[in-house]
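> For reference, the sequence and a predicted model appear below.
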Amino acid sequence: MFNRLLGGAGRVLITVGVVILLFVAFQLWGTGLEQAAHQDDLGHSFGAKVLGKKKAHAATADAEQAEDAVIQDLSKVDPATAPPTSAAREGDSIGIIEIPKIGVRQFFVEGVAKPDLKKGPGHYPGTPLPGQAGNAAIAGHRTTYGAPFNRIDELQPGDPIYVYTLQGKFRYEVLAPRPNVGIQNGPGWFSVKPTETWVIAPTGDNRLTLTACHPKRSAAQRIVVQAKLAAEPAPAATTTTSPGQPATEDATKGLEQAEASLGGDASAKWPALAWGLGFAAVYAGAWVAA
């Protein structure tokens with residue numbers, strides 16, 4: 001009797017361990033596969049905006065081909081004469097961000113809610129679009145869903161960041177953080193509390209602000225990388241908030257959404273639980289048959 005109880009307890013512990021391992025595996029690899037599928041979809045949709053449906057269909061056999069075709073086309077656009085862009089719907093693809101130093105090239109979307117950041121980096125609503133005057137802000141994951149910003153702590157002052165939108169190609173150069181800013185800092189980054197909105201507030205120069213969770217696999221802080229636009233900005237559709245003023249209501253709301261989104265995805269437990277229950281059922285069936 002004791003041996004049976006001990007054997008049953010062992011099987012329960014094994015099943016629980018498998019569920020935990022499946023959860024970790026889904027977080028590390030399953031979410032990446034999900035994000036890769038979203039990137040393919042974004043490549044098709046953004047390619048259609050830039051190239052037209054016929055050319056996009058021929059160029060988007062895979063995400064990499066779509067990126068190449070879109071980048072070549074947008075690199076020919078003159079930002080100075082490009083028309084202002086209209087507001088995008090949340091979740092729509094609005095551009096490509098490329099960070100050669102750390103091997104990043106991803107389509108990014110409008111919005112920073114959980115569904116948005118599952119697709120790729122997300123643009124904070126209420127901040128200018130990249131390439132336009134002011135402080136454009138983008139959030140991204142560091143450990144799940146493709147982890148596009150996994151290595152942004154490796155960026156150094158002067159490293160280039162390229163952004164492609166319907167208004168053309170824009171080069172940003174990473175800035176060194178101000179002395180004594182934030183909780184922690186490195187050569188090209190600093191960290192703050194998740195609620196500090198000043199990092200996405202309007203600035204007197206034209207810059208790009210990238211945010212992600214910090215440290216990796218923790219939501220205790222936000223890592224911030226800021227880069228300065230290396231050319232004149234493209235025209236904006238609307239007038240942005242003046243430098244020195246607080247972040248707009250939309251930007252503040254976006255920061256709250258990013259705080260929840262970058263903090264983890266509780267829904268990820270359900271796929272792992274389903275796989276674990278399936279394993280348990282197979283295991284139990286095999287044990288009964290034996």
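Received it, and whenever you're ready, just let me know what you need.

> Just the CA trace of whichever strand or helix holds residue 94, in CSV.
Element membership for residue 94 (DSSP states H and E) is strand 93-99. Output of strand 93-99 as CSV, limited to C-alpha atoms (Å, rounded to 0.1, in the frame of the first residue of the first chain):
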residue,chain,number,x,y,z
SER,A,93,2.0,47.8,-38.9
ILE,A,94,3.5,51.3,-39.3
GLY,A,95,7.2,50.8,-40.0
ILE,A,96,10.4,48.8,-39.6
ILE,A,97,13.0,49.3,-36.9
GLU,A,98,16.6,48.1,-37.5
ILE,A,99,19.4,48.0,-35.0
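
> Can you check what angle separates whichever helix or strand comes after that strand from strand 93-99?
Downstream of strand 93-99, the next assigned helix or strand under DSSP H and E is strand 104-110. Relative orientation of strand 104-110 versus strand 93-99 (axes from the mean of the first three to the mean of the last three CA atoms, to 10 degrees): 150 degrees.

> what's strand 104-110 packed up against?
helix 31-51, helix 63-74, strand 93-99, strand 122-123 (3 or more CB pairs under 8 Å, 6 or more residues apart in numbering; DSSP states H and E). Just so you know, the C-beta spots here come from the backbone N, C-alpha and C atoms, and that holds for glycine as well.

> Partner strands of the last one, with direction?
If I follow you right, that is strand 122-123. Strand pairing for strand 122-123, determined by DSSP bridges: strand 104-110 (parallel), strand 135-139 (antiparallel).

> So what touches that strand?
Under the contact criterion CB atoms under 8 Å, 6 or more residues apart in numbering, strand 122-123 has outside partners 94-95, 108-113, 116, 129-130, 136-140, 258, 261.

> Just put the strands paired with strand 122-123 in JSON lines and tack on distance to residue 217, mean neighbour count and mean pLDDT.
Listed next are the strands paired with strand 122-123 as JSON lines, based on distance: least, CB to CB, whole Å; neighbours: other CB atoms under 10 Å; pLDDT from 0 to 100:
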{"stretch": "strand 104-110", "distance to residue 217": "19", "mean neighbour count": "23", "mean pLDDT": "97"}
{"stretch": "strand 135-139", "distance to residue 217": "17", "mean neighbour count": "28", "mean pLDDT": "97"}
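
> got a markdown table for the ones you listed, with distance to residue 198 too?
Output for those, formatted as a markdown table (distance: least, CB to CB, whole Å):
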| stretch | distance to residue 198 |
| --- | --- |
| strand 104-110 | 22 |
| strand 135-139 | 10 |
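
> So which of those is nearest residue 44?
Ranking those by proximity to residue 44 (CB to CB) places strand 104-110 first, at 9.9 Å.

> right, and the helix or strand after the closest one?
helix 114-117.
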